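Participant: Generate a structure from the sequence data that follows.
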Amino acid sequence: MSSTLSDPLLPLIACGLSPAYAQQVVSCADANYSAILSEPDYYMEEYWGDSLSEEYNYPSDASALRAALVELGFQPALIDKDYMPYIKSLSPASLSHRNSPNYGKMILEGRFRRLKSGQLELLDAASDPETPSTEFDSANPTAPALSSDEAKALYPLHCAIGTTKDPSITQLIRVAYNIDAGSIRKRDDSGLTPVHVAAASWNVHALRVLLALDPSGIAEDLKDAGNRDAMTPLEALRFVMRATRESSETLLGAWDGHSDRELLCEYLVKKAMGLPLGLGEETEEEYLKKRKFGCTCGACTGGWLSRRMKFRLSAQADIQYDMLHMDIYLFKSNLPVTAVELLHVALDYIPPTVRRQIHKTFYIGFYTIFLLAEALALDARAVQFYMGKGGRVEYALDVTMDIAKKESVLGDGSFKETFDRNEAEGEEGEERRNIGLGELVCGPYMDSDEDEDGMDVDDWD
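Facilitator: Here you go, the predicted model:
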């Protein structure tokens, strides 16, 4: 057996199979499965890239696993009906956990998810006494979820943690712990422990007291993914954080960053698990500031402007400054010129009423704005003249942000070609908001003497 398949034995054993039978299942799997584990990115891209939502990529793999499961004592009818769609469990949602250290385990565990949840039955006559069918709740696999009252009666601590977010939850947990120390690690009907609920519901007070009462025990629970969703508390927390962000961006069109409660929970969990914290985010206050807008590298300016995006915007501002500066020779004496004569795309971001007659000083003030902090020091008179004639800093910022996006891989990709870098995209909408710009871009404005494609044309008499 390939060494890459040694770890996947563990989730099978956790499902109730004996080590010998787990070995047999894995050994019977087709070699394609080894390839999936060794190169998940490639195979998953192949699968989803072909949109094979109702087909199996590896029929030989499916056949081998089916034979192994029949030999183990699974009912063939149940395997055909409920188990063979195993490959569909590798959905895009599952791929979001690709960076998890348990990724390989989760792939295999996904295949046996139905077995683990009791939706597949082992025959009572299973030959291996170490693999008892009683390990699986197969009597009523489609039982309805508990009602609210039933959940409160059976799992009062879980319910309290999920609903009580103020400091009073601290005393409630301490009382429960004094009565029964095991209550703070008890699982509910979904396999969730109290620390799972606390993390996923952003209950900072509950997290603090749980970690204080039983540091070593809760530390073990923080590594546990043996629940309905196959997620650790940190993974569950991050799943909810992503969902909250996506919902806000979809429904409201904007996202104001992670809440303090979300980030404090993430900080507490990571620290308890011994996970590394980035430079300059060792304290709670530093962590909140750096992670507010989703920074994961710890190096983003203000927690949102990455070094890559900073380079992209800085380079774009320099390009616009240089290109505008090159056309200064078009101004003769003190006579103004029109935007059509200048033929520069950056001028399209200035409203027509402001740029109808462009004086040399106004023009110099406009392109000097692209240097931002240095602008007033370089040419204060020109900048003040530009602002006095209706010019705004936002026009230069809009040019920089909008053209940077158009030249990214979201547009024509010319920035990458020019700088020959492996540039990934940032969140342009987020950068606009944090810089101080709204969602509405100032320009480009098209005059009546421009054709429908936005190209400037000359008026010939």
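Participant: which phi and psi does Ser190 have?
Facilitator: Main-chain dihedrals, Ser190, degrees, to the nearest 10: phi -100, psi 0.
Participant: Then Ile358?
Facilitator: The phi/psi pair for Ile358 (degrees, to the nearest 10) reads phi -100, psi 110.
Participant: For it, the count of nearby residues, please.
Facilitator: 21 (other Cβ atoms under 10 Å). Backbone N, C-alpha and C define where each C-beta goes, glycine included.
Participant: Please report how far it lies from Leu146.
Facilitator: Noted for Ile358: a distance of 71 Å to Leu146, by Cβ to Cβ, to the nearest Å.
Participant: do Lys223 as well
Facilitator: Counting by Cβ to Cβ, the gap from Lys223 to Leu146 is 26 Å.
Participant: the more surrounded of the two?
Facilitator: Leu146 (15 against 12).
Participant: Contact partners for the residue nearest to the more buried one when sequence neighbours are not counted?
Facilitator: Of all residues beyond its chain neighbours, the one nearest Leu146 is Asp189 (5.9 Å), with distances taken as Cβ to Cβ, 6 or more residues apart in numbering. Contact analysis of Asp189 by Cβ atoms under 8 Å, 6 or more residues apart in numbering lists 145-146, 151, 154-155.
Participant: On the pLDDT front, check the residue nearest to Ala181 when sequence neighbours are not counted for me.
Facilitator: Using Cβ to Cβ, 6+ apart and skipping residues adjacent in sequence, the residue nearest Ala181 is Asp214, 7.4 Å away. We have a pLDDT of 94 for Asp214.
Participant: Check the one 4 residues further on too.
Facilitator: Reported pLDDT at Ile218 in the predicted model: 95.
Participant: I'd guessed Val269 sits against Leu207; true?
Facilitator: Yes - counting by Cβ atoms under 8 Å, Leu207 is a contact partner of Val269 at 7.2 Å.
Participant: Overlap in contacts, those two.
Facilitator: Overlap of the contact sets of Val269 and Leu207 (by Cβ under 8 Å, 6+ apart) consists of Ala199.
Participant: So these two - more neighbours on which side?
Facilitator: Using other Cβ under 10 Å as the criterion, Val269 and Leu207 rank with Leu207 on top: 27 against 23.
Participant: which residues sit in contact with the more buried one?
Facilitator: Counted by Cβ under 8 Å, 6+ apart, Leu207 has contacts 195, 198-199, 265, 268-269.
Participant: now, which of these sits nearest Lys332?
Facilitator: Cys265 (64.8 Å; Cβ to Cβ).
Participant: Give me the neighbour count for Tyr177.
Facilitator: If you count neighbours by other Cβ under 10 Å, Tyr177 ends up with 18.
Participant: now Gly257
Facilitator: 19.
Participant: Need the phi and psi values for it.
Facilitator: Dihedral angles (degrees, to the nearest 10) for Gly257: phi 100, psi 170.
Participant: Give me the distance between it and Ser248.
Facilitator: Going from Gly257 to Ser248 by Cβ to Cβ gives 10 Å.
Participant: again with Ser306
Facilitator: 21 Å.
Participant: Neighbour count for those two, which is higher?
Facilitator: It is Ser306, of Ser306 and Ser248, that has more neighbours when counted by other Cβ under 10 Å, with 18 against 14.
Participant: Wait, the residue nearest to Ala181 touches Arg185, no?
Facilitator: Yes - in this structure Asp214 lies within contact range of Arg185 using Cβ under 8 Å: 7.1 Å.
Participant: Lowest-confidence entry in the contacts of Asp189?
Facilitator: Least confident by pLDDT among the contacts of Asp189: that is Ala145, with 75.
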